[in-house]
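**Student:** using only what follows, build the 3D model:
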Amino acid sequence: MNEKIGQRIRELRLYYNLSIEELSDLLGISSGFLRLVERGERGATIERLAKISKIFNVSMDYLALGRETDLTKNDNSPVKFLERILTEHELHKIAEFGKGLSTFNYSAEELDLLFVSIHSQLKFLHNIKSRKNSG
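**Tutor:** Next comes the predicted model:
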């Protein structure tokens, strides 16, 4: 059972393009322990499964039992994902930045590229913040 849960966690992590280190920082566990969970060699606590469920917006049923959920039916957009992992202050700053973008005529592709760039920078900043708080 641990193996299947670990496999689903790994699939979700990869779906959201998170590294082991990024997800372990969000969960407050070591990357080594997360590797063991993903391989099914260790089990995750109910509390950690609940946190993973919240981060990825999936049900506990999906994590534990593999009851399929269509990730595209749920609101798993990159914006909603960021809302789940960022603080209110960080989200406010992004919203202010977004208001400034409305004065430009960006194509959908350009906005997607811009979002990917912002997302990457935010993940980087989040990692730095996590390391400062832990060390």
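
**Student:** alpha carbons only for contacts and neighbour counts from here, please
**Tutor:** Fine.

**Student:** out of the helices and strands in the chain, which is least certain?
**Tutor:** Lowest mean confidence among the helices and strands of the chain (mean pLDDT, DSSP states H and E): helix 78-85, at a mean of 65.

**Student:** domain-wise, how is the chain divided?
**Tutor:** The record, using automatic domain parsing to delimit domains, assigns the chain the ranges 2-65, 86-134.

**Student:** lowest average confidence across those domains, which one?
**Tutor:** In terms of average pLDDT, domain 86-134 trails the rest of the domains of the chain, at a mean of 67.

**Student:** and the helices in this protein?
**Tutor:** For the chain, the helices defined by DSSP state H occupy 2-15, 20-27, 31-38, 46-56, 60-65, 78-85, 88-101, 108-134.

**Student:** keeping just the C-alphas, turn stretch 52-63 into CSV.
**Tutor:** Once non-C-alpha atoms are left out, stretch 52-63 reads as follows in CSV (Å, rounded to 0.1, in the frame of the first residue of the first chain):
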residue,chain,number,x,y,z
ILE,A,52,-0.2,16.6,0.4
SER,A,53,-3.9,16.4,-0.4
LYS,A,54,-4.3,20.1,0.2
ILE,A,55,-1.2,21.1,-1.7
PHE,A,56,-2.2,19.1,-4.8
ASN,A,57,-6.0,19.6,-4.4
VAL,A,58,-6.8,15.9,-4.5
SER,A,59,-8.8,13.8,-2.1
MET,A,60,-7.4,11.6,0.6
ASP,A,61,-9.2,8.8,-1.2
TYR,A,62,-7.1,9.4,-4.2
LEU,A,63,-3.8,9.3,-2.2
